[in-house]
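Asker: Sequence first, then the predicted structure, then my questions.
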Amino acid sequence: MAYGTISADVIQSSVTGVSLGAGNATRFKNRIINGNMVIDQRNAGASVSTSSATAIYTLDRWQAIYAQTSKYTVQQNAGAVTPPVGFVNYLGVTSTSSYTAGSTDYFSVRQIIEGLNIGDLGWGTANAKTVTLSFQVYSSLTGTFGGCLTNGAENRSYPFSYTVSSANTWTSVSVTIAGDTSGTWLTTNGQGIQIRFGLGAGSTFLGTAGAWAAGNYIQPTGTVSVVGTSGATFYITGVQLEVGSSATGFDYRDYGTELVMCQRYYEVVWNFVGKATTTTGAEGSVVYVVTKRTTPTVAVLSGTNTLLELGVATRTISTPFLAAGAGVNGGYLVVYTTGLTAGNMCVFYSAGVMSASAEL
């Protein structure tokens, strides 16, 4: 190209925005958020136990779900192995016992894609588009592993299998899936598609690989159970779900963009300024960094968090809640504590005092 001229492909990129690098990518090619595992607002790299409830969020947008507690942990960069070329982070699962799954047991990590982000796929219609799921995986175990795609109602599922031939080696995997022409696939702000990576399951949740089925099948029959071997590891990164019948290069987004995409579902609240209205409560407004998927639930983060009563003292925060009329952009927040003087101004004192969660 001669100096001072503009090529046709540059014009296409700047005007239409459809030529964005390898694979002729379009914007938001990858429907997975935080697929390269760089955002970890909740835990900042600390290990996450599965010792309570039946589901817990780990790295942003990635949830551990399980029928039995304390069978595995999840941590960003667990085991401190070298990530695959082009990545600096991964999600690491470590089995903490040798557990034989009962018939109704299930163990997996999943991401739920919001329906508003999959409307163009046309699933549930005759025009359902084919998609390809790709990722990088590293495990201490070898054999045939499994996972699935399901709808939000968990009554349509596509179990898939893939092979890890060499232990403790990063393996590139891609699975092409014809779009489902049946079932209900939400295109609202509810659950659109669930992507699950199986870590073990009982017969109730085992299905046939490579076909859509009317049921909730987490992985194919005969696939590896990570929780079945104490100390077994399963690491994953570079997760991408895209339209088409082949995998293209991973859709890298800048950190700021990826963080904002995560904050639609979960945000650490920093910006509360309020006034003590009684000796046990302060009230004020809070504005979120990004519009939430739905009105979030606010909660005190773990550890001791403090409210500064200006000119007086710090106070330990107990239960916060959003007053009636709060919405997706913020609202009136009430914080309970003790020892306040009515009328005094109050601000958050420690970094990251509360969370606002609008997870799917």
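Answerer: Yep, it's here.
Asker: which non-adjacent residue is nearest Q240?
Answerer: Distances taken as CB to CB, 6 or more residues apart in numbering put N30 closest to Q240, at 4.5 Å, once the chain neighbours are dropped. In this view, the C-beta of every residue, glycine as well, is placed from N, C-alpha and C.
Asker: pretty sure the one you found is in contact with E242, am I right?
Answerer: Yes - between N30 and E242 there is a contact under CB atoms under 8 Å: 6.0 Å.
Asker: Against R253, how distant is the residue nearest to Q240?
Answerer: Distance of N30 to R253, computed by CB to CB, to the nearest Å: 8 Å.
Asker: contacting residues around the residue nearest to Q240?
Answerer: Counting by CB atoms under 8 Å, 6 or more residues apart in numbering, N30 makes contact with 240-242, 250-251.
Asker: go again using 7 Å as the cut-off
Answerer: 240-242, 251 (CB atoms under 7 Å, 6 or more residues apart in numbering).
Asker: can you check V300 too?
Answerer: Contact analysis of V300 by CB under 7 Å, 6+ apart lists 317, 320, 354.
Asker: Report how many residues lie close to the first one.
Answerer: Read that as I317. By other CB atoms under 10 Å, 22 other residues sit near I317.
Asker: My guess is A299 contacts A356. True?
Answerer: No - counting by CB atoms under 7 Å, A299 stays clear of A356, with 8.4 Å between them.
Asker: between the two, who's got more neighbours?
Answerer: Set A299 next to A356 and count neighbours by other CB under 10 Å: A356 wins out with 26 against 14.
Asker: does V260 sit in a helix, a strand or a coil?
Answerer: helix (DSSP: H, G, I helix; E, B strand; the rest coil).
Asker: if I pick it, what's in contact with it?
Answerer: Contacts of V260 (CB under 7 Å, 6+ apart): V290.
Asker: Could you check the pLDDT of it?
Answerer: Per-residue confidence at V260 stands at 98 (pLDDT).
Asker: gap between I118 and R253?
Answerer: Distance from I118 to R253, by CB to CB: 18 Å.
Asker: Same question for N168.
Answerer: According to CB to CB, N168 and R253 sit 29 Å apart.
Asker: Likewise for K275?
Answerer: Distance of K275 to R253, given as CB to CB: 40 Å.
Asker: quick one: which of those two has more around it?
Answerer: R253 (20 against 16).
Asker: That one: which element?
Answerer: When elements are defined using DSSP states H and E, R253 is found to belong to no helix and no strand.
Asker: Need phi/psi at the residue nearest to Q240.
Answerer: phi -90, psi 120 (degrees, to the nearest 10).
Asker: So for it, what's the pLDDT?
Answerer: On the pLDDT scale, N30 gets 98.
Asker: measure it to T132 for me?
Answerer: 11 Å.
Asker: Report the set of residues contacting both of the two.
Answerer: Common neighbours of N30 and T132 (CB under 7 Å, 6+ apart) are E242.
Asker: what about the nearest residue to G222 once chain neighbours are set aside, which SS state?
Answerer: Leaving out its chain neighbours, the residue that sits closest to G222 by CB to CB, 6+ apart is T144, at 6.7 Å. Following three-state DSSP, the label given to T144 is strand.
Asker: Which stretches in the stretch 1-150 of the chain count as helices?
Answerer: Secondary structure of the stretch 1-150 of the chain (DSSP state H, counting those that start in this stretch): helices at 8-16.
Asker: List the buried residues for stretch 105-117?
Answerer: By 16 or more other CB atoms under 10 Å, the buried positions in stretch 105-117 come out as 105-115, 117.
Asker: And for stretch 254-265?
Answerer: Using 16+ other CB under 10 Å as the test for burial, stretch 254-265 gives 258-259, 261-265.
Asker: Go through those residues and name the one nearest V74.
Answerer: Relative to V74, the closest of the buried residues of stretch 254-265 is C262; by CB to CB it sits at 16.2 Å.
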